[in-house]
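K.L.:
Mind folding the following:
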Amino acid sequence: MSGGLAALLDDIAVLAKMAAASVDDVAAATGKASAKAVGVVVDDTAVTPRYVHGVRPSRELPIIGKIAKGSLRNKLLIILPVALLLSQFVPWLLTPILMIGGTYLCFEGAEKIWELVSGHGSAEETTEEVGDDQEKTVVSGAIRTDFILSAEIMVIALNEVADQPFVLRTVVLAIVAIVITILVYGVVGVIVKMDDVGLALAKRETRLVASTGRGLVRAMPIVLSTLSAVGIVAMCWVGGHIVLSGASELGFEFPYGIVHHIEEWFHRLVPAIGGVLGWTANTVSSAIFGVFWGGIVVAIMHLIPRRKAAAH
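P.N.:
Next comes the predicted model:
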């Protein structure tokens, strides 16, 4: 009896170790997959507050909640099954799809830079209040835009765990979908309510509290502008890196080979901090390429059609 009990305890210990190892594997894979999606996450966080511009303060959080639910449905019910099927049956398609998504990121980043330089982006701002009848339209439009960003996040994450077993891929992608959705829309919720918090604090009688509130109100436009700028840089960096590494995987070594040479040169130049300098060089090179690649797409999508229209 004691021998049977000992064997059972041994089996339980083995199962516990396997479960712990599986949790570690899932955690490591999830962290790796989430890290590569950072550029799209920053952009998603920067874009979403625009959808509640002009909305009554009492409706801001409910609208963000609806967009978050739609985003989660996009990820779990549509994008996740399709991504898993692709990785299981046609994994060679992942790199081209990832490169298309990377090109889209480069295009978005370059287009925003073009809007800043040309001043065209300012025309999109509006102070008109969004009525109840428009709320559904605002939410559905935001969810459609989120679908593209969510698809890119999920494909980037999938690419990082493509060599893992099917069940682990499924668990990791589901966790990434949930965690990133909560992160993005949690941060967005905090951002859009900071003005209200600041105004409420500014009305307090305590001088320090009131000053803090006024400081929050003044700081929010700067925070949003900074977040938008970081989003642009992140899109160009991540998009450029995806396109360069994807081209290398498909056999076009030349562009990414140059980046590798620059990275290795910094490694040799200052061995003590060569890793940091090499990473920085890779990041800057990828961002520059992203702006260049995205600029080509912007020219094709915008400048050439306008010239044709002017010619006619």
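
K.L.:
what's next to the helix or strand Ser87 falls within, contact-wise?
P.N.:
Using DSSP states H and E, Ser87 falls within helix 80-89. With Cβ atoms under 8 Å, 6 or more residues apart in numbering as the test, helix 80-89 has contacts from 93-94, 97, 154-155, 158, 162, 166, 169-170, 173-174, 177. From N, CA and C alone the C-beta is placed, and that goes for glycine too.

K.L.:
how does it look with 10 Å?
P.N.:
For helix 80-89, the surrounding residues in contact (Cβ atoms under 10 Å, 6 or more residues apart in numbering) are 74-75, 92-94, 97, 150-151, 154-155, 157-159, 161-164, 166, 169-170, 173-174, 176-177.

K.L.:
Filter the residues you listed down to the buried ones.
P.N.:
Taking 16 or more other Cβ atoms under 10 Å as the criterion, what is buried in the contacts of helix 80-89 is 74-75, 94, 97, 150-151, 154-155, 157-159, 161, 164, 169-170, 173, 176-177.

K.L.:
Now intersect those residues with the helices, please.
P.N.:
Among the buried ones among the contacts of helix 80-89, the members falling in helices (DSSP state H) are 94, 97, 150-151, 154-155, 157-159, 169-170, 173, 176-177.

K.L.:
Single out whichever of those has the smallest pLDDT.
P.N.:
The member of these with the lowest pLDDT is Asn159, at 77.

K.L.:
how much space between that residue and Ala272?
P.N.:
Distance, Asn159 to Ala272, by Cβ to Cβ, to the nearest Å: 32 Å.

K.L.:
Leu250: neighbouring residues, count only.
P.N.:
Here the number of neighbours of Leu250 (other Cβ atoms under 10 Å) works out to 12.

K.L.:
residues in contact with the residue lying closest to it once chain neighbours are set aside?
P.N.:
Leaving aside its chain neighbours, Leu250 sits nearest to Thr95 (6.4 Å; criterion: Cβ to Cβ, 6 or more residues apart in numbering). Going by Cβ under 10 Å, 6+ apart, Thr95 touches 159, 162, 242, 245-250.

K.L.:
Which two among the residues you listed are spaced furthest apart?
P.N.:
Across the contacts of Thr95, no pair lies farther apart than Ala162 and Ala247, at 17.7 Å, counting by Cβ to Cβ.

K.L.:
This protein: helices as residue ranges?
P.N.:
Under DSSP H, the chain gives helices at 2-36, 38-47, 57-73, 80-89, 94-118, 132-160, 166-202, 207-249, 254-269, 274-298, 304-311.

K.L.:
Please work out which of these is packed deepest.
P.N.:
Greatest average neighbour count among the helices of the chain goes to helix 38-47 (a mean of 23), per mean count of other Cβ atoms under 10 Å.

K.L.:
pLDDT on that helix, on average?
P.N.:
62.

K.L.:
Double-check Ala234 against Lys112; I have them as touching.
P.N.:
No: Ala234 is beyond contact range of Lys112, at 11.4 Å (criterion: Cβ atoms under 10 Å).

K.L.:
Tell me the spacing between Met99 and Ile296.
P.N.:
Distance from Met99 to Ile296, by Cβ to Cβ: 14 Å.

K.L.:
what does Ile63 give?
P.N.:
Ile63 is 36 Å from Ile296, where distance means Cβ to Cβ.

K.L.:
before we move on, what about Gly257?
P.N.:
Distance, Gly257 to Ile296, by Cβ to Cβ: 20 Å.

K.L.:
what does Ala202 give?
P.N.:
As defined by Cβ to Cβ, Ala202 lies at a distance of 48 Å from Ile296.

K.L.:
How about the contacts made by Val217?
P.N.:
194-199, 201-202.

K.L.:
what's near enough to touch Lys75?
P.N.:
83, 146-147, 150-151, 153-154, 173-174, 176-178, 180-181.

K.L.:
repeat for Leu244
P.N.:
99, 102, 252, 255-260, 282, 285-286, 289-290, 293.
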